[in-house]
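[1] My questions concern the predicted model and sequence given below.
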Amino acid sequence: MEHIHGVLVINELMKALVKEVDLPLEIAKLEGDAIFLFLYHKKLHETMLAERILKFFSTFERQLIALQGSTACDCGACSNISRLNLKIVAHFGKAEVVKIGSFKELSGVDVILAHRLLKNQVQEKRYLLMTKPAYERLSLPSNATVVQAEEFDKDIGTIPIVVYYPSQLVSVPEHKKLSAFQKMQSHLKLALGAFLLKFRNISGKQY
């Protein structure tokens with residue numbers, strides 16, 4: 001049950017972030033607990049890209065608070081919702097784009113670089129990590145404080161990066177006391193979600 005609730009919590013956070021994605025940003029694919037987004041460089045001028053990216057942090061936090069306040073479950077996954085956080089990696093480079101049906105598959109060294117930067121030396125839990133080419137094109141707010149650093153990859157070498165740490169807008173509250181009716185609603189919602197998830201997994205095996 002703890003594993004199932006953990007998957008459900010991540011799914012709810014992912015859905016909230018996906019709803020914020022708008023053209024010219026596109027979703028390449030969902031990768032477990034990550035969303036791979038891209039846009040063509042010719043469309044950079046069509047959007048306030050930095051503003052959109054930073055909005056993901058506030059959306060994530062609102063959904064985190066909503067989830068924290070809507071469950072009375074005390075399993076490991078539900079009781080640790082407040083420890084979840086969002087990390088964003090941004091890179092500007094070249095990629096081969098292959099269209100397969102309605103999906104677009106991206107490949108190339110720069111795509112590999114972006115994925116490898118997900119494992120980095122940044123100690124903070126919430127951040128926007130940008131390669132130098134991405135930072136030069138994002139146009140962060142003038143009052144944004146950034147830190148310049150370097151990452152190293154055994155295949156790619158030294159990668160200059162710029163990191164921005166967004167402030168936490170509001171603190172996520174601890175579990176609040178719910179009425180008996182609210183607790184029943186909470187458990188029914190989680191139970192239904194768990195059933196749907198199990199049904200989806202079983203159906204996937206049958207077909």
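    Nice, I can see it.

[2] Could you pull out the buried residues of the helix or strand containing residue 115?
    Under the criterion DSSP states H and E, the helix or strand holding residue 115 is helix 109-116. Buried residues in helix 109-116, counting neighbours by 16 or more other CB atoms under 10 Å, are found at 110-111, 113-114, 116. C-betas here are computed from N, CA, C, even on glycine.

[3] and which of the residues you listed is nearest to residue 138?
    Among the buried residues of helix 109-116, residue 114 lies closest to residue 138 (CB to CB), at 14.1 Å.

[4] which residues sit in contact with that closest one?
    Neighbouring residues of residue 114 by CB atoms under 8 Å, 6 or more residues apart in numbering: 89, 91, 93.

[5] next one: residue 125
    Contacts for residue 125 (CB under 8 Å, 6+ apart) come out as 85, 87.

[6] Shouldn't it be within a strand?
    No: with DSSP: H, G, I helix; E, B strand; the rest coil as the criterion, residue 125 is located in coil rather than a strand.

[7] which regions of this protein sit below the pLDDT cut-off?
    The model of the chain has pLDDT under 70 over residues 45-47, 72, 168-207.

[8] could you say what helices and strands the helix or strand following the helix holding residue 115 packs with?
    Note on helix 109-116: by DSSP H and E, the next helix or strand toward the C-terminus is strand 127-131. Judged by 3 or more CB pairs under 8 Å, 6 or more residues apart in numbering; DSSP states H and E, strand 127-131 is in contact with helix 49-69, strand 87-90, strand 157-164.

[9] Now tabulate the ones you listed in TSV and tack on mean neighbour count and distance to residue 131.
    Listed next are the helices and strands packed on strand 127-131 as TSV, based on neighbours: other CB atoms under 10 Å; distance: least, CB to CB, whole Å:
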stretch	mean neighbour count	distance to residue 131
helix 49-69	18	14
strand 87-90	20	7
strand 157-164	16	6
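
[10] Including distance to residue 78, could these go into CSV?
    CSV is the format used below for the helices and strands packed on strand 127-131 (distance: least, CB to CB, whole Å):
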stretch, distance to residue 78
helix 49-69, 8
strand 87-90, 22
strand 157-164, 30
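
[11] Could you point out which of the contacts of residue 114 is nearest to residue 83?
    residue 89 (20.3 Å).

[12] which residues does that closest one contact?
    So residue 89 contacts 114, 117-118, 120, 129-130 (CB under 8 Å, 6+ apart).

[13] try it again with 6 Å
    114, 117-118, 129 (CB atoms under 6 Å, 6 or more residues apart in numbering).

[14] Return the members of those residues classed as buried.
    114, 117, 129.

[15] which residues does the closest residue to residue 93 other than its chain neighbours contact?
    Counting by CB to CB, 6 or more residues apart in numbering, residue 110 is the residue found nearest to residue 93 once chain neighbours are left out, at 2.9 Å. Residues near residue 110 by CB under 6 Å, 6+ apart: 93-95.

[16] again with residue 166
    Residue 166 touches residue 57, counting by CB under 6 Å, 6+ apart.

[17] That's all I had, so thanks and see you.
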